[in-house]
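In: Structure for the following, please:
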Amino acid sequence: MRILYQPKVYLVGKTRIEEEGFNEFLKDNDLLWPTELDSPEGQRLIEMFGRNCYMSYGQKAGSLTNEAYLDNLLGFNRPGIAHGSVTEHISYNFMVVGAGRGFTHEQVRHRAGFAYSQLSTRYCDFEREKEEGTWDPGFCVPPLAQLTEETKKHFEETLRQAVVNYTKAYHLISRDISEKFKDYLGTMTERQQKTFVRKAARGAARDLLPIGTEAILGMTGNVRAIWNTIAMRAAEPAEPQIREVYVQVARIMEKELPGIFKGMSYKKCWDGTTYVEMSRDKV
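Out: Numbers count the residues shown, from 1 in each chain. Okay, here's the model as predicted:
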């Protein structure tokens with residue numbers, strides 16, 4: 001088993017422009033694209049969807065740079081509401097590791113604009129020894145349990161004991177199922193029996209796994225959902241482990257879409273970790 005002390009977020013995919021279709025759309029509709037073509041792809045797509053709402057091409061363009069257009073569209077240069085719905089067309093794909101099931105239980109509350117694929121505690125092998133090239137189960141120590149060596153050590157020992165308890169329960173339940181349901185299992189092939197017992201025993205034994213069990217999460221969010229979740233989950237009042245995930249997401253998005261994720265500031269929280277202040281609370 002691995003003991004984990006900090007989550008890590010990987011950007012693994014994103015919406016891309018199909019240039020041929022983009023240019024064919026403009027040509028077939030006799031439209032002149034008014035801004036630079038070397039802007040980040042996501043920002044150009046958002047501009048295109050926004051311009052479609054008002055047909056603001058050619059002489060009707062108004063803003064003549066991508067940044068100026070986005071500033072006006074999203075309200076960065078004026079008071080009032082943002083035309084944020086166009087940012088829902090662009091999505092980014094993340095893989096989050098080193099965060100426990102406490103994080104994922106909170107994250108999946110953000111249902112609108114996100115899709116999830118999460119590690120299964122029923123199908124993954126928490127009871128087996130590490131083998132080369134395979135996944136090794138991880139267990140997370142939260143930031144506030146790392147303030148002193150004494151507390152960190154206590155947390156680590158408790159996590160290790162939880163795995164011992166889980167493994168013992170898994171083997172006991174596997175034995176009990178095999179003995180109590182011989183007739184039912186006898187209708188299956190040997191391979192089917194092993195699979196059935198393993199899944200059933202894991203499903204029961206996983207109740208002993210702690211909420212700090214690493215829950216590797218594939219997470220896809222559109223730009224609007226990502227912005228609004230950063231505003232909530234990377235803020236100072238957020239839970240530290242969740243905040244760290246979204247500080248990393250903020251840094252990724254700031255790099256990917258600098259014309260949208262701008263005006264953010266990174267500050268020190270009361271516990272020494274970092275939080276994010278956004279230029280506006282939502283788009």
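
In: Let me see the ranges of the strands in the stretch 51-200 of the chain.
Out: 91-97, 114-118, 138-140 (DSSP state E, counting those that start in this stretch).

In: Parallel or antiparallel, which strands does the longest one pair with?
Out: Which is strand 91-97. strand 8-14 (antiparallel), strand 217-222 (antiparallel) (DSSP bridges).

In: Also the second one?
Out: According to DSSP bridges, strand 114-118 forms sheet pairs with strand 217-222 (antiparallel).

In: What are the buried residues along the partner strand?
Out: Neighbour-count burial for strand 217-222, with 16 or more other Cβ atoms under 10 Å as criterion, is recorded at Leu217, Gly218, Met219, Thr220, Gly221, Asn222. All C-beta spots, glycine's among them, are computed from the backbone N, C-alpha and C.

In: What score does the spatially closest residue to the third one that is not a sequence neighbour have for pLDDT?
Out: Using Cβ to Cβ, 6 or more residues apart in numbering and skipping the chain neighbours, the partner closest in space to Met219 is Phe94 (4.7 Å). The predicted local distance difference test score for Phe94 is 98.

In: which of the residues in the longest helix seen in the chain are buried?
Out: The longest helix of the chain (DSSP state H) is helix 149-180. Neighbour counts over helix 149-180 (16+ other Cβ under 10 Å) mark Phe155, Glu156, Leu159, Ala162, Val163, Tyr166, Ala169, Tyr170, Ile173, Ser174, Ile177 as buried.

In: Also stretch 190-206?
Out: Quick answer for stretch 190-206 (16+ other Cβ under 10 Å): Gln193, Phe196, Val197, Arg198, Ala201, Arg202, Ala204, Ala205, Arg206.

In: Now tell me what touches that stretch from outside.
Out: Stretch 190-206 has contacts (Cβ atoms under 8 Å, 6 or more residues apart in numbering) with 121-123, 126-127, 166, 169-171, 173-174, 177-178, 185, 188.

In: can you check stretch 36-55 too?
Out: Under the contact criterion Cβ under 8 Å, 6+ apart, stretch 36-55 has outside partners 14-17, 22, 35, 56-57, 60-61, 65-67, 69-70, 73, 83, 86-87, 89-90, 223, 256-260.

In: repeat for stretch 249-269
Out: So stretch 249-269 is contacted by 9, 11, 14, 39-40, 42-43, 46, 66-67, 70-71, 74, 76, 87, 92, 94, 223, 226-227, 229-230, 234, 236, 240, 243, 247, 274-280 (Cβ under 8 Å, 6+ apart).

In: at 7 Å instead, please
Out: With contact meaning Cβ atoms under 7 Å, 6 or more residues apart in numbering, stretch 249-269 is reached by 9, 11, 39-40, 42-43, 66-67, 70, 74, 76, 92, 94, 223, 226, 230, 234, 236, 274-279.

In: Over to stretch 133-150?
Out: Applying Cβ under 7 Å, 6+ apart, the contact partners of stretch 133-150 are 1-5, 98-100, 126, 130, 151-152, 155-156, 159, 210, 212-214, 240-241, 271, 273.

In: And the protein, what are its domain boundaries?
Out: The chain breaks down into these domains under automatic domain parsing: 16-86, 143-208.

In: got the CA coordinates for stretch 136-146 in PDB?
Out: The C-alpha coordinates for stretch 136-146 follow below in PDB (Å, rounded to 0.1, in the frame of the first residue of the first chain):
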ATOM      1  CA  ASP A 136      -0.800  -0.300  -5.700                       C
ATOM      2  CA  PRO A 137      -3.600   0.900  -3.500                       C
ATOM      3  CA  GLY A 138      -3.200   4.300  -1.900                       C
ATOM      4  CA  PHE A 139      -4.400   5.900   1.300                       C
ATOM      5  CA  CYS A 140      -4.400   9.600   2.000                       C
ATOM      6  CA  VAL A 141      -3.300  11.600   5.000                       C
ATOM      7  CA  PRO A 142      -5.100  15.000   5.000                       C
ATOM      8  CA  PRO A 143      -3.000  18.200   5.300                       C
ATOM      9  CA  LEU A 144      -4.200  19.000   8.800                       C
ATOM     10  CA  ALA A 145      -3.100  15.500  10.000                       C
ATOM     11  CA  GLN A 146       0.500  16.300   8.800                       C
END
